[in-house]
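Give the three-dimensional model of this entry:
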Amino acid sequence: MHAITRSGWIEVITGSMFSGKTEELIRRLRRAEIAEQSVAVFKPSIDDRYGEATIGSHDGRQWQATIVKPEHNLRSQVESALNGEDVVAIDEGNFFGTELLSVCESLADDGRRVIVSGLDRTYRGEPFEPMPELLAAAEYVDKLHAICTICGEPATRTQRLIEGEPAHVDEPTIVVGAEETYEARCRQCHAVRRD
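Predicted coordinates for the structure are as follows:
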């Protein structure tokens, strides 16, 4: 919380896959604990890549988290799990619906530091709801970049691959995966099949 105004705020960490979003989230959580701030971490039930009740980065860092179901009442799930924590973190914000924005606003209005990490774009290169609204509402935004696996330039997009080829535009938006399904790509090397 801001010492003078005693107000909370929203921080968003965004970018493509493999840009270090969760790694940065975990770094901020470590610093909050060093500052003796209490922390609550939430993750969507759909993402079980690093264990059921753990958020994890691709480089192996992990943090215990409370699982919430994005398709159910997010506000009641979060509120029932909180116990006065100073910092509330939500990983993979892109897997939640539009209710995420009002939940984050409410937590910040209650004087909490709210940190959300998530993809800003779908594999198609389109805005990944509800992240655009969170980006607009946040007091602090950090957009991280990966390295394009094709040319080595800064990557801002997530390339989904199916059997080594770019995914078709009609594929589902959400498919949980890691290196076996996705690559980081720059604007020039990113492709979506439309045939």
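
Do me a favour and average the pLDDT over the helix or strand containing E79.
For E79, the host element (DSSP states H and E) is helix 74-81. Taken as a whole, helix 74-81 carries a mean pLDDT of 89.

Tell me the spacing between the closest residue to L82 other than its chain neighbours and I90.
Nearest non-adjacent residue to L82, counting by C-beta to C-beta, 6 or more residues apart in numbering: A40, 5.7 Å away. Where you see a C-beta, it was placed from the backbone N, CA and C, and this is true even at glycine. Separation of A40 from I90 (C-beta to C-beta, to the nearest Å): 9 Å.

Report the buried residues of stretch 63-70.
Going by neighbour count (16 or more other C-beta atoms under 10 Å), the buried part of stretch 63-70 is 63, 65, 67-68, 70.

for stretch 82-92, that is, sorry about that
For stretch 82-92, by 16+ other C-beta under 10 Å, it's 85-92.

E129 is in what secondary structure piece?
Going by DSSP H and E, E129 is not part of any helix or strand.

residues in contact with the residue lying closest to it once chain neighbours are set aside?
Closest residue to E129 apart from its sequence neighbours, by C-beta to C-beta, 6+ apart: T98 at 6.8 Å. Each residue near T98 by C-beta atoms under 8 Å, 6 or more residues apart in numbering is listed here: 129-130, 133.

hmm, which helix or strand of the chain has the shakiest average pLDDT?
Lowest on mean pLDDT, DSSP states H and E among the helices and strands of the chain sits strand 54-56, with a mean of 73.
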